[in-house]
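Colleague: With the sequence up front, the predicted model follows.
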Amino acid sequence: MSPNITTRTVLQATKLLLAGAVFLVASMFFNYLPQPYSTWPAVGSIPINPELVIPALLGVVVVVDAFVEQLTIASVALAIFGVVTFLLGAASLYSLYAPTGGGVFFIGFFTIIAGIILAFGVFLHTVVRTERFQTAFQGIINSVSN
């Protein structure tokens, strides 16, 4: 196996796992399901909010995958939205942990929404790239044109 195929496979698997994790975290966030953790997980003394970190990580992986993969319109569009999601996540983490004068923390909502849209785009892009989908789509186009 060449290193390029291995890197692409690992990136694709990571991207799909993070997209699934975004949907899982979003379902807990919006449905008030019991969280599998009593408090936010922490790295050292820094608490890590999964609603902000997982979409931001998905954004980073999507951007890296767009550079490793051949550039297509879909991968570039996903990468642009990945950058937006990452920036929203970074801004959310900064506003959550930086000493501020108070107020309502609302940017986290935009981060999870951007993460949901990006995760949906990742799954859709993966499905559209499969050979079975392309064969079925080509069959539909041929039957419509006849």
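Modeller: It's in. Numbers count the residues shown, from 1 in each chain.
Colleague: C-alpha only now, for contacts and for neighbours.
Modeller: OK.
Colleague: For this protein, which segments are assigned as strands?
Modeller: Using DSSP state E, the strands found in the chain span residues 42-43, 46-47.
Colleague: Throw those into TSV and include mean pLDDT and mean neighbour count, thanks.
Modeller: As requested, these are exported to TSV (pLDDT from 0 to 100; neighbours: other CA atoms under 10 Å):
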stretch	mean pLDDT	mean neighbour count
strand 42-43	74	9
strand 46-47	71	11
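Colleague: Nearest to E131 among those strands would be which one?
Modeller: Distances from E131 to each of the strands of the chain were compared by CA to CA, and the smallest falls on strand 42-43, at 41.1 Å.
Colleague: Can you list the strands that the closest one pairs with?
Modeller: Here strand 42-43 has these sheet partners by DSSP bridges: strand 46-47 (antiparallel).
Colleague: And the residue nearest to the spatial centre of the chain, how far from T14?
Modeller: Note on the chain: the residue nearest the mean C-alpha position is L58, at 3.5 Å, using CA atoms, centre = their mean. L58 sits 8 Å away from T14, going by CA to CA, to the nearest Å.
Colleague: Output the lowest mean pLDDT helix or strand found in the protein.
Modeller: Taking mean pLDDT, DSSP states H and E as the measure, the helices and strands of the chain show their lowest mean at strand 46-47, namely a mean of 71.
Colleague: And that strand, how far out from the chain middle?
Modeller: 22 Å (CA atoms, centre = their mean, to the nearest Å).
Colleague: Tell me, how many residues neighbour Y97?
Modeller: Using other CA atoms under 10 Å as the criterion, Y97 is surrounded by 10 other residues.
Colleague: Please read the previous query as pertaining to I107.
Modeller: Around I107 there are 17 other residues, counting by other CA under 10 Å.
Colleague: do the same with I48
Modeller: So I48, with other CA under 10 Å, has 16 neighbours.
Colleague: is it true that it touches A42?
Modeller: Yes: using CA atoms under 8 Å, I48 makes contact with A42 at a distance of 5.2 Å.
Colleague: Near P99, how many other residues are there?
Modeller: A count of neighbours around P99, defined by other CA under 10 Å, yields 8.
Colleague: separation between it and V122?
Modeller: P99 is 35 Å from V122, where distance means CA to CA.
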